[in-house]
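Novice: Coordinates for the following, if possible.
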Amino acid sequence: MVHSLFMVGAAGLLAGGLIAGPPGNGERAGDMHVVAADCNAAARRVVAETGGQLLSVTSSSEGGRITCHITVLVHGGHDTRPRKMTVAVPQ
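Specialist: Numbering: from 1, shown residues only. Okay, the predicted model is just below:
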């Protein structure tokens, strides 16, 4: 139940464009909405490709390049535990 509520909350924040990392080098606070929108699409793609559950979305900026870090919980096969996987998606 906790995972379901978290997923609904995280999905709502992503859809609303509210999840984004803090401004990095050369990145202004006003740019956060653009980063969130880009990370939203990246998060949807990673979840669809892995079949996992979204745990978190953060972004970083290095040398003017934005990278979204999407962490998902991927279910293991028969008799194996789920594993946490973080995917870096350059924007």
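Novice: so Glu47, which of the three states?
Specialist: I think there's a mix-up here, since residue 47 is Val and not Glu. Three-state call for Val47 (DSSP: H, G, I helix; E, B strand; the rest coil): helix.
Novice: ok, so what distance separates the spatially closest residue to it that is not a sequence neighbour from Val74?
Specialist: For Val47, ignoring the flanking residues on the chain, the nearest one in space by CB to CB, 6 or more residues apart in numbering is Leu54 at 5.4 Å. Placement of C-beta: from N, CA and C, glycine included. As judged by CB to CB, to the nearest Å, Leu54 and Val74 stand 11 Å apart.
Novice: Neighbour count: those two, which is higher?
Specialist: Leu54 (20 against 13; other CB atoms under 10 Å).
Novice: who does the helix or strand containing the more buried one touch, helix- and strand-wise?
Specialist: According to DSSP states H and E, Leu54 maps onto strand 53-62. If you count contacts as 3 or more CB pairs under 8 Å, 6 or more residues apart in numbering; DSSP states H and E, strand 53-62 packs onto helix 2-15, helix 32-50, strand 65-74.
Novice: The closest residue to Cys68 other than its chain neighbours: neighbouring residues, count only.
Specialist: Nearest residue to Cys68 in three dimensions, chain neighbours excluded: Cys39, at 3.9 Å (CB to CB, 6+ apart). Residues lying near Cys39 (other CB under 10 Å) number 26.
Novice: correct me, but Cys39 touches Ile70?
Specialist: Yes: using CB atoms under 8 Å, Cys39 is in contact with Ile70, at 7.4 Å.
Novice: If anything else comes up later, I'll come back, but that's it for now.
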